[in-house]
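Asks: let's see this in three dimensions:
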Amino acid sequence: MAWYKYEAMTPEGQKIIDEGNYNSGAELYRTLKEQGYQLLDYHRKAFHIKNPLPVRIKRQVLSELFRNLSLVLKAGVPLVDALEDLADSPIPSQLRRILKDVIKRIRGGDLFSEALSHHSSVFPNIVIVLAQLGEETGQLDRTLEDAANHLERVQEIIDKTKRALSYPVVILTTMVGALAFWLIYVLPKLFELFKSLGLKELPFMTRILVSVVEKVKAYWYVVPCLFIAMVAFWIISKKNERLKLLWDTFWSKMPLIGPVIKASQLAFFFEYLSLLTASGIDVIKSLDIMKGAITHQILKKGIRQIRDLVLAGFSLSDASKEVAFFEPFILRMIRVGESTGHMPEQLKILADYYMTKVNRLVDAMAKSLEPVLIIFAGIIFVIIVMGLLGPIYDMMGSLK
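Replies: Sure, this is the predicted structure:
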């Protein structure tokens, strides 16, 4: 296949300039004609530089796309026509190009889910599975609406978790920056002033400050090196499951932050499992799908363990009992869902519970950190003030 850049006229008489991958100019002409476009000019590009980074489309954009597609399908519009209308709507250019490729593949004989699977870096696996399920049941409009709702819920969980984790990071970064400014720039100048005034014996607290400033000036590079090392470890761990497990274990054991991460991951887990089981997908296949969707290695390890036990004949509640990540009341609710036949509803209750818990933990984190940070800042401020006022009082005493 070759990359072609072309000019075409839409059925409304609007001139467009676009490009894409086609086997030949004849295929390009035939594809545009099927869409009602008139090819004006085209040329084959000698080379096409692909973006080395995978395409990323925001979940909000994908959610709106699938919700609109669901509404149009409910109105009785054929799938290809609906996709063409959406491709011509004001959407990101990258998504428009992907939709045109999906349309092209459907016209070539692929199912909608198969066409989506060629862009797995853009469309989450659970969306592709729901599209396949909708094709099999003839309820593509409903499953696409489920996919849109799911993407919105997932984004809500991510936004709340980021808000919880960003608060302490911003506060601590600001405080460390202010402290570094005093230690590196302000205090050394004041100490030089004290020396120039002929103070021979500095007070105890001032000597401590001088010692701290000298250590900071001598080993200032340690902090940025540690920061760079942590960032490098995080980047490497994204491609190494063992390192990612260490990283996730470290943050899960952190006070305040650990409970937020655990609650958000459990909200993910039950949101996924509720949606998949409600759609008629069995537990084994649902867990297989979730293995690729969940990134938290502790929970991912637990999902593998649950899947193996369910495959060996255990019930979901008994299998979940072997995973320490789950609290006792979770097992009880899963057991009730199994006994009553209302498993998706019970899982949805758990997903809502942990969504609410994330909100509570975010608020509690802010309330807990504020006094701690104020006390810490106050102690630092008192030490600095005492270290600076001591020499001043000595000077005033010597003048008297």
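
Asks: residues touching stretch 313-322, excluding its own?
Replies: The set of residues external to stretch 313-322 that reach it, using C-beta atoms under 8 Å, 6 or more residues apart in numbering, is 283, 305-306, 309-310, 326, 330-331, 334-335, 338, 343. C-beta here means a position set from N, CA and C on the backbone, and glycine is covered the same way.

Asks: just checking, which of those belong to helices?
Replies: When helices are assigned by DSSP state H, the members of those inside them are 283, 305-306, 309-310, 330-331, 334-335, 338, 343.

Asks: could you list the domains of the chain?
Replies: Residue ranges for each domain of the chain read 2-44, 59-150, 151-400, as given by automatic domain parsing.

Asks: please state the offset of the second one from the chain centre?
Replies: Looking back up the chat, that one is domain 59-150. Distance of domain 59-150 from its chain centroid, counting by C-alpha atoms, centre = their mean, to the nearest Å, is 22 Å.

Asks: go on, stretch 56-68?
Replies: Using C-alpha atoms, centre = their mean, we find the averaged C-alpha position of stretch 56-68 to lie 15 Å away from the chain's own average C-alpha position.

Asks: ok, and what's touching it?
Replies: Outside stretch 56-68, the residues that touch it by C-beta under 8 Å, 6+ apart are 86, 89, 91-92, 94-95, 98, 121-123, 127, 144-145, 147-149, 151-152, 154-155, 158.

Asks: selection in ChimeraX covering whichever of the residues you listed are buried, please.
Replies: The following ChimeraX selection, which keeps only the buried ones among these, applies the criterion 16 or more other C-beta atoms under 10 Å:
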select :86,91,95,98,122,123,127,144,145,147,148,149,151,152,154
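
Asks: buried residues, the host helix or strand of Arg242. List them.
Replies: Arg242 belongs to helix 241-252 when elements are defined using DSSP states H and E. Buried residues in helix 241-252, counting neighbours by 16+ other C-beta under 10 Å, are found at 244-245, 247-248, 252.

Asks: pull the most distant pair out of the residues you listed.
Replies: By the measure C-beta to C-beta, Lys244 and Ser252 form the most distant pair in those, at 12.0 Å.

Asks: now list whatever residues contact both of these two.
Replies: Taking C-beta under 8 Å, 6+ apart as the criterion, Lys244 and Ser252 do not both touch any residue.

Asks: what sits against the residue nearest to the spatial centre of the chain?
Replies: What sits nearest the mean C-alpha location of the chain, by C-alpha atoms, centre = their mean, is Ile158, with 5.7 Å. Listed by C-beta under 8 Å, 6+ apart, the contact partners of Ile158 are 59, 264.

Asks: for it, which three-state class applies?
Replies: Secondary structure, DSSP: H, G, I helix; E, B strand; the rest coil: Ile158 is helix.

Asks: re the thing from before, okay, the buried residues of helix 241-252 in a markdown table with pLDDT next?
Replies: Conversion of the buried residues of helix 241-252 to a markdown table gives the following (pLDDT from 0 to 100):
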| residue | pLDDT |
| --- | --- |
| Lys244 | 82 |
| Leu245 | 83 |
| Trp247 | 80 |
| Asp248 | 84 |
| Ser252 | 82 |
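
Asks: re the thing from before, okay, the domains of the chain, which one's buried deepest?
Replies: For the domains of the chain, the stretch with the most neighbours on average is domain 59-150, a mean of 18; neighbours defined as mean count of other C-beta atoms under 10 Å.

Asks: okay, how far is it across that one, tip to tip?
Replies: One end of domain 59-150 sits 10 Å from the other (C-alpha to C-alpha, to the nearest Å).

Asks: that's a strand at Ala324, yeah?
Replies: No - with three-state DSSP as the criterion, Ala324 is located in coil rather than a strand.

Asks: mind listing the strands for this protein?
Replies: Counting by DSSP state E, the chain has these strands, from start to end: 2-9, 15-22, 38-44.

Asks: and Glu152, how far is that from Leu62?
Replies: For Glu152, the distance to Leu62 under the criterion C-beta to C-beta, to the nearest Å works out to 10 Å.

Asks: pLDDT weak spots in the stretch 51-200 of the chain?
Replies: Within the stretch 51-200 of the chain, the stretches with pLDDT under 70 are 51-55, 164, 194, 197-200.

Asks: what about the helices in it?
Replies: With DSSP state H, counting those that start in this stretch, the ranges of helices along the stretch 51-200 of the chain come out as 59-74, 79-87, 93-107, 112-117, 125-137, 140-181, 187-196.

Asks: figure out how far the longest one is from the centre of its chain.
Replies: In other words, helix 140-181. With C-alpha atoms, centre = their mean as the basis, helix 140-181 stands 7 Å off its chain's centre.

Asks: next, the angle from it to helix 187-196.
Replies: Helix 140-181 and helix 187-196 meet at an angle of 10 degrees, taking axes from the mean of the first three to the mean of the last three C-alpha atoms, to 10 degrees as the criterion.

Asks: if we can go back for a sec, take the strands of the chain and lay them out in a markdown table including distance to His296.
Replies: Shown next, in a markdown table, are the strands of the chain (distance: least, C-beta to C-beta, whole Å):
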| stretch | distance to His296 |
| --- | --- |
| strand 2-9 | 39 |
| strand 15-22 | 36 |
| strand 38-44 | 46 |
